[in-house]
Every structure is written in C-alpha cells, then in structure tokens.
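Chemist: Please find the sequence and the predicted model below.
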Amino acid sequence: MRPLIQPYPDARAAAYRTAGYWRGETFPQLLRQWASQRPAAPAIIDASQQNTRVLTYGELHHRAAHFGAGLIAQGLKPGARVVVQLPNCAEFFVAVFGLFAAGMHPVFALPAHRQTEIAHFVDRAEAEGLIIADSHDGFDYRPMARDVIAQCPRLQQVIVHGAAEEFSAFSAVSADPATLPRDPSPASVAFLLISGGSTGLPKLIPRTHDDYIYSLRESARICGLDRTSRYLAVLPVAHNFTLSSPGSLGVFLAGGCVVLPPSSDAKACLSLVERYRVSITALVPPLAQLWLNGLPDIRFDLSSLRVMQIGGAKLQPEIARQIEPAFGCRLQQVFGMAEGLVNYTRLDDPQQVRINTQGRPISEADDIRVVDEAGNPVALGQPGQLQVRGPYTICAYHNDPSANARSFTEDGFYCTGDIVSRDEQGNLTVRGRSGDHINRAGEKFSAEEVEDHILALPGVMDVAIVAIPDTTLGERSCAFVQPRDGVTLRPAHIRRFLRERQIAGFKIPDEIEIVTTLQKTAVGKLSRKDLRQQLREARLSEPA
Ligand code: AMP
Ligand code: DBH
C-alpha cells in the first residue's frame, strides 16, 4: 500500500509547533478527554429518524471504542483505509471515531456519490472497507456495494447501517477495546477528504491530526462556540464545511452538541431550532434562499439562533442582506476548501464586510498571495488568482503526481483556482475562478470528468461542458454535444446513458444542447479551456 503522507517541509512544521498551532493532539486522545471531562453531556441529538436518539460524550466514546475494536475483529488492520458513505446520523460519528481509535483512515464520500465515484475512491485510496447505510433518499446502497466489490477485488469488508443482507451489520461490529492500538502520531494522516477539483476525477486530500485540530480549535473560537453551543448539521456531515468550519468536530471540541435533522427542509430544520435551542447552523446559498422563501409560512421560535453560516459557493449581496433581519441572527460568510484554507467574516465585522466579502483567513500564519497569470502579485483590490500555504493547507494530494504538479507552486503554495480580490483589512471577495469546475449549489465537479463520460457514448464526436449562471443553483451545467456525422442524438438518451454510468446525480447536465460543430468561429484548434469559455459567452449572449 502506498503510505499516507502529508509532506509539510520540516522547517515549516517546526515553526507551526513552536508557535503553538500544532499541539501534538490526536482524535482518539481528544475523544477520550471529552468523555472523561463531560461523560453525561449530550454530544449528538440524532433527529434524523422518527425516534430521536441522544448520544452523550461518554456513550460516543464507548460505542466508538467498541466499533473500532470490532473492525479489527473483522480482520481489518490498523492503517487500513475505509470509505465512509453515510447520511447524517449518529453512526457516522461512531464510525469515524471508531476508525480513528483503530488506527484506520476514513475516506469521506458523500451520500450522492454512486458506484463510479466510490470505486474510484476505493482504488485511489486502496481501501479495504466500505461503510454504508442500507438505503437513503430512495437509493439502495447495497446493490451499489455489490458492484463496487465486483470491480475492486481489494474491498473485503462492507458494513451496513440498517438491513445488512449478506454484509456485516453495523450494530454487530463490536469487540473488546483492549485490542485497540496505541494512539497515532499527531503528524500522521488522520483521513482523506475529497475535492471537487477542476480537472479529471475527484482527488483525495490527506489531512493530519495536527493540522485539522488546529483549524477546528481556531474555527470554534472565531465562531464563538462554547459548551452551550448547539449546531444543526444540515449539509452532509462528511463535507469539510460541515465537519470542520467549525462543523461537528469544532462543536465537539468546544463541548457543545450536534443536532441532526431528517432533511434540509426549512420547516423540519427550523422546528428543531426551536425544540433544541439551536444556536448555529451552516447552509449553502441555494438552501439559504429556500429557507428565506419558506419563512413566511413558518412560526417557530428562532430566538436561540445566533449565527447562520453561508458558504460553499458565492453568496450574492442581495441575499446576504436579507439573512440577519429574516432569521434574527448574525450572518457569517465562510469561504473554504477541503485542501485547507478557510476564511470567515468575523461576528463583529462591520455590516459592509459581512454582506460583501467572504471573510479573511483563520490564521495569521496563512500565507496568502493574489497573483496574475505570470505569478506576480496584483495591486490591492484587483482580482487575481488565490494561492495559499499555511498550517492547515495541504502540500500534496494523495497518489496523484500530475494533480500535484498542476496545483502546487515550487515554493509550496496551493493554487486554489479561485479568482479573488483582497481589501486593506485582508478580507477576500470571490470574483470567479480560473479552473473549469462547476459549482452547482455548492457541489463541485470538473467539466472534464463529465465530458469523459459523455465521450464514452458511441455516436458522440465531441463535447464541452460549461457553467451557466443560475438564479437558484448559483451555477447550472450545460453540455454542448456534437454527434458524429449521420448520428442523431437526443438529450434524454444522453441523460439515460449518464445515469447508467452510476455517477452522482448533481453531475448530470442540467441542459444538453446538440450542436453541429463545437468550434463555430475558431480558426485552428482551441484549447479546451478557451473552447468552454467561448461556448459560455455565446450561450450567455443568446436572448433569454
Ligand atoms: P473543494 O476544493 O471541493 O473543497 O471546493 C472548494 C471551493 O469551493 C473553493 O475553492 C471555492 O471555489 C468554492 N467556495 C467555497 N466557499 C465559497 C464561498 N463562500 N464563496 C465562493 N466560493 C466558495
Ligand atoms: O466549499 C467548501 O469546500 C467549503 C466551504 C466552506 C469548505 O471546505 C469549508 C468551508 O471548510
């Protein structure tokens, strides 16, 4: 197996330790500490099912330790990688802390992923285990797991929360914690996150205990969390935003409680805000818009809500302005990435900053550059490419030399692909991006990844996928498909073909246009990037 590493240069790692950013803590150690300091305090209120369940810190620790030992009893060894694909439920946290306790590494997939993506994660991470729910949102994950096993012989263990059929039942994975290994090294990789990215398939992001725990501690402080905090986890719990900004893990670090709703529906969520006195929640812009629209019909007491975070995609100032009066709480914009860097507007920032910017970095050690195409810094206030290196931003993806060559500069900066401008206080405003990814309601994927699927359809000569601004989704995807001579293609046929390829639903193009040629005006051959740009502009100049 390829080792999991995150190669921070020695000098920088030493500086982060000296500065007290990296404190040598690990996740197994933290959970033990929380459980001994506050065994009876609620960690999780799981209202995702009909019968609400409460898990205290003591119970979370107990269940995670037994689950971790159970994984070892099933034959998985410390060091194993296990893809975790669960909806928002208490078992997600039992699984993740159980894996940590067993010295194993979760690979965080999202519920929307399908066989194609899961098999890719299993391959890339060399994963030997997969943890799923039986079904969720009308999708049965067990047939998907069978297909992944057939495709990936390395996968030995599938663990199912719910009706397990031939697989191992989640509830039966349990053994004496005496078999658990010693704590991992704080500098070691704790888990792999996935990135939307702008080229090819999703990439795997190795994050260390040291770096992630630092970002959690600072995020919890910036968001004003304490033991009384109650966080409603609306977005998928495995997303970096929901996990760490400050997310569930930041809330645990502060001693608060995570509330899990049955869905992202405004009524369901806001009734939980009233019932459990929720103080903070996090949404993507399209969801914030839906909640705003639903508000006139909703009569719940929202007086406990202090902070509504919005991030994952650009929040338009017109929407931003409505949040505080509508929900009676502070708006906090969050601009982050699974690769590391997270920016927050601070709770006491002037209104102008909260409405119009995406905030500033967590840390004074976040080394930020805004540069032009040639790599030279642009003037203050001017748009440029955002590059960053710092105490919680990765230096490399896992097992992906070509992505590493593209995404990191020689002096170790991560090229985010985002175009931003920076003001005198260091606040960033997102102006666009340079990469070809589509950010559909906060879910990101590369144009190239879906183009490659469409190219696999016999009869397709060429295809280009572009992002089109959309009032609801922020962006929607539009595929321009050129058939081979003499072939008739219909959008419905292409959609069906894509669904049969078992990819996440958010990647299926919102619009498909059949064109006779992709390069109408071009003389010679355009790069993919220029071609997409030209199509986007042509599409936008069409009358509505
Ligand atoms: P990922 O690398 O898949 O974790 O996606 C992170 C990307 O999401 C960032 O690089 C931005 O392009 C986008 N993003 C996240 N938060 C915001 C935000 N508040 N405003 C605009 N774009 C955002
Ligand atoms: O979109 C993201 O990836 C994101 C948004 C807000 C993120 O990773 C984060 C905060 O940590």
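Modeler: Looks like it arrived, so ask away. Ligands and ions are numbered 1, 2, ... in the order given.

Chemist: Parallel or antiparallel, which strands does the one helix or strand Leu386 maps to pair with?
Modeler: Secondary structure assigned from DSSP states H and E places Leu386 in strand 384-389. Note on strand 384-389: by DSSP bridges, its sheet partners are strand 367-371 (antiparallel), strand 414-422 (antiparallel).

Chemist: Please see if it touches ligand 2.
Modeler: No: residues of strand 384-389 are not located near ligand 2 by Cβ under 6 Å from any ligand atom, the shortest gap being 13.0 Å. From N, CA and C alone the C-beta is placed, and that goes for glycine too.

Chemist: Show the subsequent helix or strand relative to that strand.
Modeler: Downstream of strand 384-389 (by DSSP H and E), the next one is helix 401-407.

Chemist: Can you tell me what sits against the strand holding Leu386?
Modeler: Residues outside strand 384-389 that contact it (Cβ atoms under 8 Å, 6 or more residues apart in numbering): 12, 340-341, 361, 366-373, 377-378, 395, 409, 411-421, 428, 434.

Chemist: go on, stretch 148-162?
Modeler: With Cβ under 8 Å, 6+ apart as the criterion, stretch 148-162 contacts 71, 74-76, 82, 86, 89, 91, 95, 115, 118-119, 122-123, 126-135, 141-142, 145, 167-170, 173.

Chemist: quick one on the thing from earlier: the strand holding Leu386 close to ligand 1?
Modeler: No: using Cβ under 6 Å from any ligand atom, strand 384-389 stays clear of ligand 1, coming no nearer than 8.0 Å.

Chemist: could you dump that strand to PDB, C-alpha only?
Modeler: Presented in PDB, the C-alpha positions along strand 384-389 are these (Å, rounded to 0.1, in the frame of the first residue of the first chain):
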ATOM      1  CA  GLY A 384      -6.100  37.700  -9.200                       C
ATOM      2  CA  GLN A 385      -5.600  34.000  -8.600                       C
ATOM      3  CA  LEU A 386      -5.600  33.000  -4.900                       C
ATOM      4  CA  GLN A 387      -2.600  30.900  -3.700                       C
ATOM      5  CA  VAL A 388      -2.000  29.900  -0.200                       C
ATOM      6  CA  ARG A 389       0.300  27.900   2.100                       C
END
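
Chemist: now that strand, how far from the centre of its chain.
Modeler: 20 Å (Cα atoms, centre = their mean, to the nearest Å).

Chemist: pLDDT of it, averaged?
Modeler: If you average the pLDDT over strand 384-389, you get 97.

Chemist: roughly how far apart are Gly412 and Ala187?
Modeler: Using Cβ to Cβ, to the nearest Å, we find Gly412 at a distance of 17 Å from Ala187.

Chemist: circling back to that earlier point, restricting to the contacts of strand 384-389, which residues neighbour ligand 1?
Modeler: Of these, the ones that also sit near ligand 1 (Cβ under 6 Å from any ligand atom) are 416, 418.

Chemist: picking that back up, in helices, which of the contacts of stretch 148-162 appear?
Modeler: 71, 91, 95, 115, 118-119, 122-123, 141-142, 145 (DSSP state H).

Chemist: ok, the nearest residue to Cys269 once chain neighbours are set aside to ligand 2 distance?
Modeler: Among residues not flanking Cys269 along the chain, Pro261 sits closest, at 4.9 Å (Cβ to Cβ, 6 or more residues apart in numbering). Per Cβ to the nearest ligand atom, to the nearest Å, Pro261 is found 19 Å from ligand 2.

Chemist: Likewise for Gln533?
Modeler: 23 Å.

Chemist: Just send the strands paired with strand 384-389 back as a markdown table, with mean neighbour count, distance to Ser195 and mean pLDDT too.
Modeler: Output for those, formatted as a markdown table (neighbours: other Cβ atoms under 10 Å; distance: least, Cβ to Cβ, whole Å; pLDDT from 0 to 100):
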| stretch | mean neighbour count | distance to Ser195 | mean pLDDT |
| --- | --- | --- | --- |
| strand 367-371 | 19 | 19 | 97 |
| strand 414-422 | 21 | 10 | 96 |
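
Chemist: out of the ones you listed, which comes closest to Cys478?
Modeler: strand 414-422 (20.0 Å; Cβ to Cβ).

Chemist: which residues are in contact with that closest one?
Modeler: 198, 337, 339-341, 358, 368, 370, 380-389, 393-395, 406-409, 428-435, 437.

Chemist: any idea which helix or strand carries Glu318?
Modeler: Per DSSP H and E: helix 317-327 holds Glu318.

Chemist: That helix close to ligand 1?
Modeler: No: residues of helix 317-327 contacting ligand 1 under Cβ under 6 Å from any ligand atom: none, with a closest distance of 10.5 Å.

Chemist: What residues sit buried inside that helix?
Modeler: By neighbour count on 16 or more other Cβ atoms under 10 Å, the buried set for helix 317-327 is 319-320, 323, 326-327.

Chemist: just stretch 453-464 next, same as before
Modeler: Quick answer for stretch 453-464 (16+ other Cβ under 10 Å): 453-454, 457, 460, 462-464.
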